[in-house]
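[1] no letters, just coordinates:
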């Protein structure tokens, strides 16, 4: 699991690469939450272009960040999910609370 | 033909989740599954092993055994732990049910296993352990072989 952060004003893009499972989600959570502690970000974009694998623990990670951002009235968005990853996202119904592009 | 099998025994460390699903996927490759089928098996195994890592041994590290058998076109994967057991299996299998919401568990594990595998059997006894049996038939006639699909998906990128 590899995470790149891209800042554009108040928007923070998180590019996740590799596999997002229970093990890597733990590490990703610490890194991402440290970064979004900074309240200047009003929007979080989760870019899944480089993600090869996700399971329900990965979904738990995304919902967890949604909760953090929502607490301060920010928004979150998922972009560039590949076919395999999209299948799990759709199955979870996460699209009802988070915009998937 | 003799039925093929492999046994894997691991300590319940989360770092082993990715190894286990990759190992099972590699073992199944002799049946020439599609990329889709491999992804489904990998994901289901990941869910079962993660459940054992997270729930079976509380804060201690125990052992998890993964058995994988090929019977004809059917892959059978057994993920077994020797931990605390599941008190109410029926409840545990309900979508979105989790005993650990504070750990950002989505409660979707069994739902994912059920939708990706043909059969999911959960046997559990308190303080003895839990055994999850996953079965999936790998399709025989396919429009595309695995290699063709890989070529295609790399062209997409």
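    That came through fine. Keep in mind that what you see is a predicted model, and the values were worked out from it rather than measured. Numbers count the residues shown, from 1 in each chain, chains lettered A, B, ... in the order given.

[2] and stretch A:19-38, what's buried?
    For stretch A:19-38, the neighbour count (16 or more other C-beta atoms under 10 Å in any protein chain shown) marks A:19, A:20, A:21, A:22, A:23, A:24, A:25, A:28, A:29, A:32, A:36 as buried. For the C-beta atoms, the positions are set from N, CA and C on the backbone; glycine is no exception.

[3] those residues into a markdown table, with extra columns for pLDDT, secondary structure and distance to chain B?
    Below are the buried residues of stretch A:19-38 laid out as a markdown table (pLDDT from 0 to 100; DSSP: H, G, I helix; E, B strand; the rest coil; distance: C-beta to the nearest C-beta, whole Å):
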| residue | pLDDT | secondary structure | distance to chain B |
| --- | --- | --- | --- |
| A:19 | 97 | strand | 6 |
| A:20 | 97 | strand | 10 |
| A:21 | 97 | coil | 5 |
| A:22 | 96 | helix | 4 |
| A:23 | 96 | helix | 4 |
| A:24 | 97 | helix | 8 |
| A:25 | 96 | helix | 7 |
| A:28 | 95 | helix | 11 |
| A:29 | 95 | helix | 7 |
| A:32 | 94 | helix | 12 |
| A:36 | 89 | helix | 15 |
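
[4] what's next to the host helix or strand of residue B:27, contact-wise?
    In this structure, residue B:27 sits in helix B:16-28 according to DSSP states H and E. For helix B:16-28, the external contacting residues (C-beta atoms under 8 Å, 6 or more residues apart in numbering or on different chains) are A:19, A:21-24, B:4, B:6, B:8, B:10, B:38, B:41-43, B:45-46, B:49-50, B:53, B:64, B:66, B:68, B:70, B:75, B:77, B:138.

[5] chain B contacts on chain A?
    Contact residues (C-beta under 8 Å from any C-beta of the partner chain) of chain A with chain B: A:19, A:21-26, A:29, A:53, A:55-57, A:59-61, A:63-64, A:84, A:87-88, A:91-92.

[6] about what we covered before: which of the buried residues of stretch A:19-38 sits closest to residue B:131?
    Nearest to residue B:131 among the buried residues of stretch A:19-38: residue A:22, at 19.9 Å, using C-beta to C-beta.

[7] you'd agree that closest one is up against residue A:57?
    Yes. Assessed by C-beta atoms under 8 Å, residue A:22 is found in contact with residue A:57 at 3.7 Å.

[8] between the two, what contacts are shared?
    In terms of C-beta under 8 Å, 6+ apart, residue A:22 and residue A:57 are both contacted by the residues B:46, B:50.

[9] does residue B:106 count as helix, strand or coil?
    coil (DSSP: H, G, I helix; E, B strand; the rest coil).

[10] I figured it was touching residue A:92, is that so?
    Yes. The pair residue B:106 / residue A:92 is scored as a contact, 6.8 Å apart, by C-beta under 8 Å.

[11] now the helix holding residue B:27: average pLDDT?
    Mean per-residue pLDDT for helix B:16-28: 97.

[12] same question for stretch A:90-101.
    The model assigns stretch A:90-101 a mean pLDDT of 92.

[13] residues making contact with it?
    So stretch A:90-101 is contacted by A:56, A:59, A:62-63, A:66, A:75-81, A:86, A:89, B:106, B:108, B:111-112, B:115 (C-beta under 8 Å, 6+ apart).

[14] and residue A:49, how many residues sit next to it?
    Residue A:49 has 13 neighbours, counted by other C-beta atoms under 10 Å in any protein chain shown.

[15] no more questions from me, cheers.
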